[in-house]
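Trainee: Got a predicted structure plus its sequence, pasted below:
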Amino acid sequence: MNPTIRRWLLGCSSLAVATGLWLPLVHLWFEPPASYYYSAQGVPPKARELAARHLDLWTDPALKSRELERMRRSNAEWDFMGRSFLVWSLANLALREPARQADYLSVMDQIIDETIRLEQQEGIYFFLMNYAKARPFIVQPARSLFLDSEIALMLAVRRVIAEKADYRTKLTERIEAMASRMRQNPLAAAESYPDECWLFDHAVALAAFRLADFLDGTRHQPLIQTWLAAAKASLLHPATGLLISAYNLQGKAADGPEGSSIWMAAHCLQLVDEAFARDQYDRARRELGRVVGGFGYSREWPVSWQGLRDVDAGAVIPGLEISAGGSGLAFVGAASFHDLDFLKTLSTTLDFAAFPQKKQGRLKYCGSNPVGDAVLLYSTVMGPLWEKVQKGNPW
């Protein structure tokens, strides 16, 4: 054999062997210790750093304006959801860190008050994507379960920490508006967009009903059970058993299972049907969760379903089908069900691919945005709030 060719083949073989030995170890450079992002009690360091950055956003008007405008240029929903996840996070932080409860409540109130004011002043379309105006809502007057459910849950979690009379009235009005519309529909379905009903929003609504019952002694269990029975009978994807992400008021599927919906849905369903929630998480973990070389992520759709790519779901990387939105919410699912192995691989991918930036005790991910970071914050502190409700109002 020609000596030059022999040397080339030897070099290629050596490179292949070295790559085979090196690649399985790459994730170890980016794998953070579990104590950094997860703690059964207290506040883990990552949560404190993310929270500090978000508190800056709500105390620095210029920074807040810049970040919110940047998100709104892509998707007005992200502005709204960033507020929701931050309020839900601060409620859990207040339970984990009672000494700072007053500080957290102050920011929660600022966010809630501003969000409700903007909704009333600008109308429901301010926080919805533009296509909401393309046709009228079927049920009039127009309301969006997307807005009602998340605002209701914001009001409820704030009241779990400390009562506020004005918020009790606002929560009651919001809860009854949702319940009234859902009771009118055989599937207990309500619109988020014109003739569009979304799993994510119904799951959040169920959680809000459960918290309202805990706080005020109301009884929404029959309505919740109606939704659960209808979902199990009509809203499961045949190939996977996962709940579909979107359907119309008649229950006709508009989309299949999505990572950007199911992880959060399973988290909320823990409050109303733990066995079903666990089943949905396990199915999502099997159908959507992936680990490659120590790096974890979520697909947006199972192999048996191909959905439409849209801004709502976020970027989806072809080939591996890595979903940005699904992977972010997979943190919520994994933390909810104490799946620490999956949580570790997700955290490894995040620190490898999302470009964390730490400065003066503050953390943000340059590959993310405030709503993405708020979801991550929520995944690091969730737990105390759900536990308080489940112990105080067992079913």
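Mentor: Yep, that arrived. Residues are numbered from 1 along each chain as shown.

Trainee: residue boundaries of the helices in the stretch 151-300 of the chain?
Mentor: With DSSP state H, counting those that start in this stretch as the criterion, the stretch 151-300 of the chain has helices at 165-183, 199-216, 221-234, 259-269, 274-287.

Trainee: which other helices and strands contact the shortest one?
Mentor: Using 3 or more C-beta pairs under 8 Å, 6 or more residues apart in numbering; DSSP states H and E as the contact test, the elements touching helix 259-269 are helix 199-216, helix 274-287, helix 324-336. All C-beta spots, glycine's among them, are computed from the backbone N, C-alpha and C.

Trainee: and that helix, how far from the chain's centre?
Mentor: 7 Å (C-alpha atoms, centre = their mean, to the nearest Å).

Trainee: next one: the second one
Mentor: Between the centre of helix 199-216 and the centre of its host chain there is 15 Å, according to C-alpha atoms, centre = their mean.

Trainee: How about the first one?
Mentor: For helix 165-183, the distance from its own C-alpha centre to the chain's C-alpha centre is 22 Å (C-alpha atoms, centre = their mean).

Trainee: Give the rounded mean pLDDT of it.
Mentor: Averaging pLDDT along helix 165-183 yields 98.

Trainee: mind listing what's buried in that helix?
Mentor: Y167, R168, K170, L171, T172, R174, I175, M178, A179, R181, M182 (16 or more other C-beta atoms under 10 Å).

Trainee: which residues are in contact with that helix?
Mentor: 112, 116, 139, 143, 145, 148-149, 151-152, 155-156, 158-159, 188-191, 205, 208-209, 212, 215-216, 218, 220, 223, 226-227 (C-beta atoms under 8 Å, 6 or more residues apart in numbering).

Trainee: Among those residues, name the buried ones.
Mentor: Buried subset of the contacts of helix 165-183 (neighbour count, 16+ other C-beta under 10 Å): 112, 116, 139, 143, 145, 148-149, 151-152, 155-156, 158-159, 188-191, 205, 208-209, 212, 215, 220, 223, 226-227.

Trainee: on that earlier part again, can you add mean pLDDT and distance to Y104 and give the helices and strands packed on helix 259-269 back as TSV?
Mentor: Listed next are these as TSV, based on pLDDT from 0 to 100; distance: least, C-beta to C-beta, whole Å:
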stretch	mean pLDDT	distance to Y104
helix 199-216	98	17
helix 274-287	98	27
helix 324-336	96	19
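
Trainee: Take the ones you listed and lay them out in TSV including distance to L50.
Mentor: Formatted as TSV, the helices and strands packed on helix 259-269 follow (distance: least, C-beta to C-beta, whole Å):
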stretch	distance to L50
helix 199-216	21
helix 274-287	23
helix 324-336	12
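
Trainee: mind checking which of these is nearest T59?
Mentor: Closest of those to T59 is helix 324-336, at 24.6 Å (criterion: C-beta to C-beta).

Trainee: any idea how far the closest one is from the chain center?
Mentor: Centre to centre, stretch against its chain (C-alpha atoms, centre = their mean), the figure for helix 324-336 is 7 Å.

Trainee: Kindly report the same for stretch 37-46.
Mentor: 19 Å.

Trainee: Over to stretch 35-51?
Mentor: 18 Å.

Trainee: Need the mean per-residue confidence for it.
Mentor: For stretch 35-51, the per-residue pLDDT averages 95.

Trainee: Same question for stretch 104-112.
Mentor: For stretch 104-112, mean pLDDT rounds to 97.

Trainee: quick one: that stretch to chain centroid distance?
Mentor: Distance, centroid of stretch 104-112 to centroid of chain: 20 Å (C-alpha atoms, centre = their mean).

Trainee: change the start of the numbering to 498 and stick with it
Mentor: With the count now opening at 498, the last piece we talked about shows up as stretch 601-609.

Trainee: Which positions in that stretch come out as buried?
Mentor: Buried, per 16+ other C-beta under 10 Å, within stretch 601-609: Y601, L602, V604, M605, D606, I608, I609.

Trainee: List the contacts of it.
Mentor: 552, 555-556, 580, 583-584, 587-588, 590-591, 594, 648, 651-652, 655, 658-659, 661, 664.
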